[in-house]
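Have a look at this fold, sequence not included:
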Ligand SMILES: Nc1ncnc2c1ncn2[C@@H]1O[C@H](COP(=O)(O)OP(=O)(O)OP(=O)(O)O)[C@@H](O)[C@H]1O
């Protein structure tokens with residue numbers, strides 16, 4: 001039963017097929033013509049047989065033979081053309097839908113993305129859209145065309161002899177309904193198999209992503225053990241699905257053999273009664289064969305419709321999800337470095353909708369994994385207030401989970417605080433257009449992502465207007481020029497899946513260069529907690545100095561050395577600001593936490 005009103009199918013088809021109506025028109029014309037010709041050709045053959053038996057004029061026989069061949073050839077050509085057009089229509093429509101979905105997802109809030117795995121979204125954008133491809137290209141025309149073909153054949157059969165028409169009509173109805181019923185029986189088995197396959201892919205993907213940890217911990221044997229277990233569970237599911245499929249296939253063969261038998265019996269009877277010619281007997285038999293195509297196609301299309309229905313449902317749900325962050329106002333930030341002010345800021349992830357992204361039928365949407373955060377946990381940031389003057393650098397310290405990254409996320413408006421206000425040089429950040437903020441605030445995260453593309457694209461993030469000279473100057477400034485000159489193809493060097501063999505420190509330097517090219521007024525740096533070799537550490541420290549020149553900086557610090565570069569210190573504990581002040585003043589004050597941290601002089605104390 002359809003769960004989606006017909007109107008919605010219509011809307012979807014109209015949205016994505018309207019722009020290419022000319023092509024759709026040609027798909028319809030070619031498909032319908034090829035169907036018409038398929039009905040016509042047996043009639044030509046009957047004429048040929050009957051004329052030959054009646055020893056008719058040779059010229060007529062020749063004409064009929066030529067006509068038969070022309071029609072057969074044209075049918076083939078038409079079906080190739082129809083396939084070409086419909087593939088084009090499907091590609092264009094599904095790509096347009098894919099583009100809309102990708103753009104939509106990329107614009108959704110971080111809280112949405114953090115509440116689901118990338119795999120889920122890939123399945124929506126790729127799997128579901130693929131399932132719609134046939135729906136776009138052929139569904140309406142195919143169903144309509146094949147119903148017409150079926151009705152056309154039956155009308156001709158009735159016209160030839162009502163008994164043949166009647167018996168083959170009953171046969172068609174029984175065949176169609178049996179196949180649809182059997183398909184319904186087979187579906188759950190196929191669904192189980194697909195589910196098992198999805199689980200297997202998920203298992204494999206997760207393990208491959210963690211290969212370094214697995215090898216380092218000697219966990220390969222454990223993974224292989226789980227792997228065998230999954231394979232063992234898979235086998236019976238596969239057997240059942242294959243059995244159901246074979247049942248469907250053999251029933252279909254049996255049914256159409258029965259159809260042929262009915263046609264042959266009708267022919268024999270009518271021939272005996274001298275009610276039909278030999279040509280007509282052939283015609284009846286041929287049509288009974290021809291019935292197979294529309295019956296099977298209609299069944300397949302109905303099957304596809306069911307798949308498409310589930311996909312449409314999920315895609316519609318995804319498109320209905322709207323960003324919860326406001327787009328911001330129309331104020332602009334002053335040029336140059338930016339002062340940062342937090343005024344009584346409270347923030348909790350629980351209010352952001354992380355757990356509310358439940359959509360529609362709940363298939364993709366429900367937060368299937370239990371939320372790791374207690375519903376009653378205290379806010380992740382509590383009453384944070386501080387002022388960082390423009391051009392100064394702030395070092396944030398605090399134990400794991402104390403809220404350091406969260407504070408940085410608020411500055412980029414990846415989340416909005418529930419109460420309080422954040423200002424950049426006296427302008428409230430929610431009054432600046434949301435899209436403008438990343439141009440003025442740059443952030444280097446711990447987990448630097450390099451893309452599989454050229455070094456230039458990785459640095460400019462595909463902005464074409466940044467000149468090569470500017471890039472080279474930046475690399476030089478950050479102390480990367482000797483590394484750069486060792487690259488085989490300079491800026492065109494392709495960074496592959498292993499990020500071009502870059503070390504964590506080098507990747508960090510590239511991320512600095514990215515930020516430098518944007519020239520923001522505030523730079524937030526989530527320092528890598530992993531240790532760097534002394535040479536790279538030196539390079540990173542130098543580069544940091546350059547990066548913070550004439551800019552306001554915020555460093556989530558993990559190393560004592562970094563703290564020498566900062567003007568202010570903020571210490572967080574469980575989301576609360578336990579200390580804020582001038583670095584030097586705090587370092588000189590034996591009662592301050594910072595003083596104690598410095599005394600302990602261990603890097604572990606910082607994180
Ligand atoms: N997306 C999220 N949804 C819900 N809670 C979150 C989310 N991200 C972080 N938290 C929680 O918020 C708290 C603060 O996390 P945050 O990442 O800001 O800490 P941190 O000080 O940066 O820690 P670390 O030094 O380990 O990066 C933690 O309790 C964490 O579990």
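Right, received. Where do you want to start? Just so you know, these numbers come straight off a predicted model, no measurement behind them. Numbering: from 1, shown residues only.

helix or strand for the closest residue to residue 281 other than its chain neighbours, which one?
Closest residue in space to residue 281, ignoring its immediate chain neighbours: residue 267 at 4.1 Å, by CB to CB, 6 or more residues apart in numbering. Heads up, the C-betas are built off the backbone N, CA and C, glycines and all. Here residue 267, judged by DSSP states H and E, is contained in helix 220-272.

any idea of the mean pLDDT in the helix or strand following that helix?
Downstream of helix 220-272, the next assigned helix or strand under DSSP H and E is helix 278-290. Mean pLDDT, computed over helix 278-290, is 87.

cool, stretch 218-230 as well?
Mean predicted lDDT for stretch 218-230 stands at 88.

Pop the domain breakdown of this protein in here.
For the chain, automatic domain parsing gives the domain ranges 21-320, 389-606.

secondary structure class for the residue lying farthest from the centre of the chain?
Distance from the C-alpha centroid of the chain peaks at residue 55, with 66.3 Å (CA atoms, centre = their mean). What DSSP: H, G, I helix; E, B strand; the rest coil gives for residue 55 is coil.

Now do the contacts for it.
By CB atoms under 8 Å, 6 or more residues apart in numbering, the contact set of residue 55 is empty.

quick check, residue 400 in a helix?
No: assessed with three-state DSSP, residue 400 is coil; it does not lie in a helix.

next one: phi and psi at it?
phi -50, psi 130 (degrees, to the nearest 10).

neighbouring contacts of stretch 443-459?
Stretch 443-459 is contacted by residues 408, 411-412, 466, 468, 471, 474, 487, 490-497, 499-500, 502, 504, 507-508, 510-515, 517, 523-529 when judged by CB under 8 Å, 6+ apart.

Please apply the same query to stretch 228-244.
185-186, 189-190, 192-193, 196, 199-200, 203.

please redo it, this time with the cut-off set to 10 Å
182-183, 185-197, 199-200, 203-204 (CB atoms under 10 Å, 6 or more residues apart in numbering).

One more: stretch 141-148?
24, 27-36, 39, 82, 86, 89, 134, 138, 293-302, 304-305.

if we go to 7 Å?
27-28, 31-32, 35, 294, 297-298, 301 (CB atoms under 7 Å, 6 or more residues apart in numbering).

my guess is residue 108 meets residue 320, correct?
No: using CB atoms under 7 Å, residue 108 is not in contact with residue 320; the gap is 11.4 Å.

List the residues that contact residue 86.
Neighbours of residue 86 in contact, by CB under 7 Å, 6+ apart: 27, 137-138.

Show me which of these is closest to the ligand.
residue 137 (40.3 Å; CB to the nearest ligand atom).

Show me what the lowest-mean-pLDDT helix or strand in the chain is packed up against.
The helix or strand of the chain with the poorest confidence is helix 118-122; it has a mean of 74 (mean pLDDT, DSSP states H and E). Using 3 or more CB pairs under 7 Å, 6 or more residues apart in numbering; DSSP states H and E as the contact criterion, no helix or strand is in contact with helix 118-122.

Which positions within the following helix or strand past it qualify as buried?
Downstream of helix 118-122, the next assigned helix or strand under DSSP H and E is helix 129-134. Buried positions in helix 129-134, judged by neighbour count with 16 or more other CB atoms under 10 Å: 129, 131-134.

Dump those into TSV; add distance to the ligand and pLDDT as well.
Listed next are these as TSV, based on distance: CB to the nearest ligand atom, whole Å; pLDDT from 0 to 100:
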residue	distance to the ligand	pLDDT
129	28	83
131	31	76
132	32	78
133	35	77
134	38	72
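
hmm, back to that, who has more neighbours, residue 108 and residue 320?
Using other CB atoms under 10 Å as the criterion, residue 108 and residue 320 rank with residue 108 on top: 17 against 10.

Is that one in a helix, a strand, or coil?
Under three-state DSSP, residue 108 comes out as coil.

what's the nearest residue to it if we skip its chain neighbours?
residue 323 (5.6 Å).

now the one you found: how far from the ligand?
16 Å (CB to the nearest ligand atom, to the nearest Å).

for that residue, helix, strand, or coil?
Applying three-state DSSP: residue 323 is coil.

isn't it right up against residue 106?
No: using CB under 7 Å, residue 323 makes no contact with residue 106, being 10.6 Å away.

Looking at these two, which has the bigger crowd around it?
Per other CB under 10 Å, whichever of residue 323 and residue 106 has more neighbours is residue 323, with 15 against 8.

Now do the same contact list for that one.
Residue 323 neighbours (CB under 7 Å, 6+ apart): 107-109.

quick one on the thing from earlier: if you rank the contacts of residue 86 by neighbours, which is first?
residue 27 (28 neighbours).

In helices, which of the contacts of residue 86 fall?
Using DSSP state H, residue 27 are the members of the contacts of residue 86 that sit in helices.

and of the contacts of residue 86, the nearest to residue 15?
For the contacts of residue 86, the residue nearest residue 15 by CB to CB is residue 137; the value is 15.3 Å.

ok, for the closest one, nearest residue in space, not its chain neighbours?
residue 90 is the one closest to residue 137 (CB to CB, 6+ apart), at 3.3 Å.

where's the one you found, which helix or strand?
Here residue 90 is assigned to helix 58-106, by DSSP H and E.

Next: residue 565.
Going by DSSP H and E, residue 565 is not in any helix or strand.

tally of neighbours for it?
Using other CB under 10 Å: residue 565 sits among 16 other residues.

for residue 347, same thing?
25.

pLDDT score for it?
The model's pLDDT for residue 347 equals 93.

Surely it touches residue 379?
Yes: the criterion here is CB under 7 Å, and residue 347 meets it with residue 379 at 6.0 Å.

for the stretch 351-500 of the chain, which spans come out with low pLDDT?
351-376, 462, 497-500 (pLDDT under 70).

Contact residues of it facing the ligand?
Proximity of the stretch 351-500 of the chain to the ligand, by CB under 6 Å from any ligand atom, involves residues 354, 373, 380, 398, 400-406.

Could I have the buried ones of the residues you listed as ChimeraX selection syntax?
Burial among these is assessed by 16+ other CB under 10 Å; the matching ChimeraX selection reads:
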select :354,380,398,402,403,404,405,406
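
Most widely separated two among the residues of the stretch 351-500 of the chain next to the ligand?
354 and 398 (21.7 Å).

re earlier: which of the contacts of stretch 228-244 count as buried?
Among those, those scoring as buried are 182-183, 186, 189-190, 192-193, 196 (criterion: 16+ other CB under 10 Å).

Which of those residues fall within helices?
Per DSSP H, those map to helices at 182-183, 186, 189-190, 192-193, 196.
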